[in-house]
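A structural model of the following input is requested.
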Amino acid sequence: MQFDWMVQCYAGAGVHRDTPLLDTVERETVLNGVDVAVESGLEGLWAPDHFMLGPKAEEYEVWTLLSALAERTDDVDLGPLVGSVTYRNPALLAKMATTVDILSEGRLRLGLGAGWHEEEHHAYGFDFPDINTRIDMLDEAINVVKTMFTEESPTFSGEHYEIDAALNNPKPVSDPHPPIVVGGAGPRMLRLVARHADEWNVEISARARGKPIEFKVRKFDEYLENEGRDPDDVERSWLAHVLVCEDEAEIDEYVDRIFPLPWGEESDMDEQLETADDAREKGSMLIGTPAQVAEQIERIEALGFDKLQLMFLDFPETGGMELFGDEVAPQFQ
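Got it, this is the predicted structure:
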């Protein structure tokens, strides 16, 4: 089991479920979190591809942040979780990704998805087509980036994208290209993941929508077999919130500080998480002592997931991250 940090680079300011204790985004805070994550033995650093998350809309842009992390770190995975296909022309994206792969000496994992933040698209002047169109765009975009990564004179013609000898030199360090990570869990997305991806990622809302995750796992295996792929050849990752504390008294103290939190679809936060039990049941949040959190992770592992990208609810404090590295992660080595 691999454990990574989803770099919490946007301010939740007591409201957003991902960073409820982070009041403002500052360079020193984020980079200190990166350093502690690496020192704690976490093996990857991921960042969201958004421009204005959280109540203050304070957030770093993902690719410039990943470039900085490529130079700051030596041996951890790096990637967007996940990059929205609607925000960048895929040929340009391939060039950006290649640069980060080279700067990191082959540590990039290219996370891609269909995008969802309608308000953000409108604010920044990006088109926001319907979901089926966005999935079609994602399918083509993956073909474009793979072509850019591997061919000497990349050319592609599709309904949404076209390139003609779009040179991408030098090529990525990763062979044959940076692994493709695709996020999503709807039927069309699962088929696309089965066709293209080296890693399948499921985040909170993808697990909450539609059929139970156990059903989605079974269907994903079926789609992989239909594509002639071995299910064991595709990694599976799970984005999760975590609050790990030494004892019940400390858990209660943090729960009082963090909750209630809005819950629901990002565009429609119409529920509240009031307690730790609410957070565990509705949000699959990992909350408890090291032994309790490990037990919750075992249930995820039993579903076939071999990687967790973690958001620590106590961040910018780093005690939970350090405790996780000391007492939880070793139980899965």
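
and the protein, split by domain according to the record?
Per automatic domain parsing, the domain ranges recorded for the chain read 1-75+237-283+296-333, 82-233.

residues contacting H16?
Listed by Cβ atoms under 8 Å, 6 or more residues apart in numbering, the contact set of H16 reads 10, 53-55, 261. To be clear about C-beta, it is placed using only N, CA and C from the backbone, and glycine gets the same treatment.

most neighbours among these, please name it.
For the contacts of H16, counting by other Cβ atoms under 10 Å, the largest number of neighbours falls to Y10: 25 neighbours.

identify the residues contacting that one.
Counting by Cβ under 8 Å, 6+ apart, Y10 makes contact with 16, 18-19, 22, 25, 48, 50, 53-54, 58-60.

to what extent is the nearest residue to F332 once chain neighbours are set aside buried, counted in neighbours?
Distance criterion Cβ to Cβ, 6 or more residues apart in numbering; nearest residue to F332, sequence neighbours excluded, is M1 at 3.8 Å. By other Cβ under 10 Å, 14 other residues sit near M1.

need the pLDDT of M1.
Per-residue confidence (pLDDT) for M1: 96.

pretty sure it sits against K307.
Yes. M1 lies in contact with K307 (Cβ atoms under 8 Å); the separation is 7.1 Å.

so where's the protein uncertain?
Low-confidence segments of the chain, defined by pLDDT under 70, span residues 264-270.

determine the longest helix present in the protein.
Ranked by residue count and defined by DSSP state H, the top helix of the chain is helix 131-150.

which helices and strands does that one pack with?
In terms of contacts (3 or more Cβ pairs under 8 Å, 6 or more residues apart in numbering; DSSP states H and E), helix 131-150 is packed against helix 90-103, strand 110-113, strand 156-157, strand 162-163, strand 180-183, helix 187-196.

okay, the angle between it and helix 187-196?
Helix 131-150 runs at 10 degrees relative to helix 187-196, counting by axes from the mean of the first three to the mean of the last three Cα atoms, to 10 degrees.

could you give the angle of helix 131-150 to helix 90-103?
Here helix 131-150 points in a direction 50 degrees away from that of helix 90-103 (the same axes, to 10 degrees).

now helix 131-150, how far from the centre of its chain.
Put simply, helix 131-150 sits 18 Å off its chain's centre (Cα atoms, centre = their mean, to the nearest Å).

now swap in stretch 287-300 and tell me
For stretch 287-300, the distance to the chain centre is 20 Å (Cα atoms, centre = their mean).

export it as PDB, just CAs?
Extracted in PDB, the C-alpha atoms of stretch 287-300 (Å, rounded to 0.1, in the frame of the first residue of the first chain):
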ATOM      1  CA  ILE A 287     -10.900   9.200  11.700                       C
ATOM      2  CA  GLY A 288      -9.500   7.600  14.800                       C
ATOM      3  CA  THR A 289      -6.400   6.400  16.600                       C
ATOM      4  CA  PRO A 290      -3.600   4.800  14.500                       C
ATOM      5  CA  ALA A 291      -5.100   1.400  15.100                       C
ATOM      6  CA  GLN A 292      -8.600   2.500  14.200                       C
ATOM      7  CA  VAL A 293      -7.500   4.300  11.000                       C
ATOM      8  CA  ALA A 294      -5.500   1.300  10.000                       C
ATOM      9  CA  GLU A 295      -8.600  -0.900  10.300                       C
ATOM     10  CA  GLN A 296     -10.500   1.500   8.100                       C
ATOM     11  CA  ILE A 297      -7.700   1.400   5.500                       C
ATOM     12  CA  GLU A 298      -7.800  -2.400   5.500                       C
ATOM     13  CA  ARG A 299     -11.300  -2.300   4.300                       C
ATOM     14  CA  ILE A 300     -10.300   0.000   1.400                       C
END
